[in-house]
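Student: task: produce atomic coordinates for the following.
(2 chains)
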Amino acid sequence: MDWDVLIRYAPSLGRGFLVTIACWASGCALGLALGFAVALAAGARSLALRAVLRVYVEILRGTPFLMQLFILYAGGPAVGLRLSATEAGILGLGLYSSAYFSEIFRAGFAAVPRGQVEAAMSVGMAPWDILARVRLPNALVAATPPIVNTLIVMSKETVVLSIITVPELMYQMQTMAAETFTAFDAIFAMAVFYWCLVEVVSRLGRRVEQRATAFLASRA
Amino acid sequence: MTVPMIAMRAVGKSFGAHQVLRGVDLDVAPSEVVCLIGPSGSGKSTLLRCVNFLEPYDEGEVRIAGELIGYDLDSEGERRPMAPSRLRAMRREIGMVFQHFNLWPHMTALENVSEPLRRVRGLPKGEATDRAAAMLRRVGLADKAGAHPLRLSGGQQQRVAIARALAMQPRLMLFDEPTSALDPELVGEVLEVMRALAAEGMTMLIVTHEMGFAAHVASRIAFIDGGRILESGPPRRVFHESAEPRVRQFLQTYHDRNAF
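Tutor: I've put the predicted structure just below:
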């Protein structure tokens, strides 16, 4: 290991790490919101709407993330969508992850027993209250572990953003490796960074999961 | 004559090609307790669920205190689905208790009862909690207020469910096989609560297999088979004097099964 090189590049690596976290967090926040909306809309009566959403999910899940990013970043201007590399990266990550999140929410909603919703309807609760107070808390019991899992997968997918020149960790590492011929050190350091990030996410995830399922633990 | 609390006229309902209800007429007067009995698949639960429109009926009318539920009639008499907000307003007045309790597992017993008071009646938290606690006392569960449903026995869960429905101060209560999912030992505590409710003058429509309870508490028994009411009258007449062969056969089977 060439520690001098790592120390010299520490500021740019640190900046890259922060960009990675920022892209990951905002991309996933967008993905969760979109995925939630898609899952809700997928329960609509309209067959046409459901078909459109099905195609949306299948395309985003069925094609490589890298390809989607290229289309968004390089192809965007052709339809008037001019995005910086970072904006394209965040939007791309949001769209890509929304397909996975929507399937998780859909499965979560499907796991809520019909009777609980009927009980809420029978007392005259409004759809919004039924969603917020009955369906969602129950759906999250089933949905939280796969959501955390997908968050972890997405944290590593952020390396792909380096290819459209988002100055995230991978991009900074490649720059360092190219300038100093220290490929192995760079990759090793990167592994440590990502591993730390994943560890934090999974610990937080476990805590959220415990909260979501606390009432199950109280089973006699 | 007073307006019936529930008035059903020629109610029909099909699931695809399968016709579940075939022209059912049934009135329930205020403070009356009517038990629906009959074999499984006869349409009793479906009929009950038509009363609060959890099951939309296709034909006929269901009126609650004179008001048609589920549909609006336009000037030509054509009917169209009722505005959701009006349907919700009507459901608020109709309490329902389900076979499988359907408590919300992520809320405590107290929260299960106070939640509708807050979200639907719009009561402030303190007032909703007080009223919910009073309801739990009434069904004998004051000491279980903080317990989640999974920690309660089936009988306790069903009593919480009854408290949840009662807290809304409904004008009538629907019970869909409220004791069918319970261990035999726990049936009594639920029936006791229902008996007290009947004695207070609550209007009740009950789908049940508890013939003893029906015989003692019901003002009227309606026997349903094949989506039709085949016999209806005071318990004594239906249980002991019915000329309807299907009723006698059903009761005979019931006696044989429960004899030891």
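Student: A:Ser26 belongs to a helix?
Tutor: Yes - applying DSSP: H, G, I helix; E, B strand; the rest coil, one finds A:Ser26 inside a helix.
Student: quick one: it and A:Gly92 touch, right?
Tutor: No - with contact defined as C-beta atoms under 8 Å, A:Ser26 does not count as touching A:Gly92 (11.6 Å). All C-beta atoms are positioned from the backbone trio N, CA, C, and that covers glycine.
Student: more neighbours: the two, which one.
Tutor: A:Gly92 (29 against 17; other C-beta atoms under 10 Å in any protein chain shown).
Student: isn't the more buried one up against A:Met67?
Tutor: No - assessed by C-beta under 8 Å, A:Gly92 is found out of contact with A:Met67, at 10.1 Å.
Student: around chain B, which positions in chain A sit nearby?
Tutor: Contact residues (C-beta under 8 Å from any C-beta of the partner chain) of chain A with chain B: A:113, A:115-116, A:118-127, A:129, A:133-134, A:137-138, A:141, A:215-216, A:218-220.
Student: try it again at 6 Å.
Tutor: A:115-116, A:118-119, A:122-125, A:129, A:134, A:137, A:215, A:218-220 (C-beta under 6 Å from any C-beta of the partner chain).
Student: quick check: PyMOL command selecting the buried ones in those.
Tutor: Here is the PyMOL command that selects the buried residues among the residues of chain A next to chain B (16 or more other C-beta atoms under 10 Å in any protein chain shown):
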select buried, chain A and resi 116+118+119+122+123+124+125+129+134+137+215
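Student: closest to A:Ala99 among the residues of chain A next to chain B?
Tutor: A:Pro137 (24.0 Å; C-beta to C-beta).
Student: name the residues that touch the lowest-mean-pLDDT helix or strand in chain A?
Tutor: Least confident helix or strand of chain A, by mean pLDDT, DSSP states H and E, is helix A:214-217 with a mean of 74. Helix A:214-217 has contacts (C-beta atoms under 6 Å, 6 or more residues apart in numbering or on different chains) with B:Pro105, B:His106, B:His148.
Student: surely the first one is in contact with B:Arg151?
Tutor: No - if you go by C-beta atoms under 6 Å, B:Pro105 and B:Arg151 don't touch, sitting 10.3 Å apart.
Student: quick one: which of these two has more around it?
Tutor: Legend: neighbour count by other C-beta under 10 Å for B:Pro105 and B:Arg151, higher for B:Pro105 (20 against 16).
Student: what's the nearest residue to the more buried one if we skip its chain neighbours?
Tutor: Distances taken as C-beta to C-beta, 6 or more residues apart in numbering or on different chains put B:Pro149 closest to B:Pro105, at 5.2 Å, once the chain neighbours are dropped.
Student: what's the spacing between B:Tyr71 and chain A?
Tutor: Distance, B:Tyr71 to chain A, using C-beta to the nearest C-beta, to the nearest Å: 17 Å.
Student: cool, B:Arg86 as well?
Tutor: Taking C-beta to the nearest C-beta as the measure, B:Arg86 falls 10 Å from chain A.
Student: check B:Arg9 too.
Tutor: B:Arg9 sits 23 Å away from chain A, taking C-beta to the nearest C-beta as the criterion.
Student: for my notes, confirm that residue occurs in a strand.
Tutor: Yes - membership of B:Arg9 in a strand is supported by three-state DSSP.
Student: rewinding a little: as a markdown table, the contacts of helix A:214-217 with secondary structure and pLDDT would be great.
Tutor: As requested, the contacts of helix A:214-217 are exported to a markdown table (DSSP: H, G, I helix; E, B strand; the rest coil; pLDDT from 0 to 100):
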| residue | secondary structure | pLDDT |
| --- | --- | --- |
| B:Pro105 | coil | 94 |
| B:His106 | coil | 93 |
| B:His148 | coil | 93 |
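Student: just those residues now: which is nearest A:Ser84?
Tutor: Distances from A:Ser84 to those, taken by C-beta to C-beta, are shortest for B:His106, at 42.4 Å.
Student: give me the neighbour count for the closest one.
Tutor: Close neighbours of B:His106, defined as other C-beta under 10 Å, add up to 23.
Student: surely it is in contact with A:Pro137?
Tutor: Yes - using C-beta under 6 Å, B:His106 is in contact with A:Pro137, at 4.7 Å.
Student: the spatially most central residue of chain B in helix, strand or coil?
Tutor: Central residue of chain B (C-alpha atoms, centre = their mean): B:Leu174, 1.7 Å from the mean position. Secondary structure, three-state DSSP: B:Leu174 is strand.
Student: excluding covalently adjacent residues, which one is nearest to it?
Tutor: Distances taken as C-beta to C-beta, 6+ apart place B:Met96 nearest to B:Leu174, at 4.6 Å, with adjacent residues excluded.
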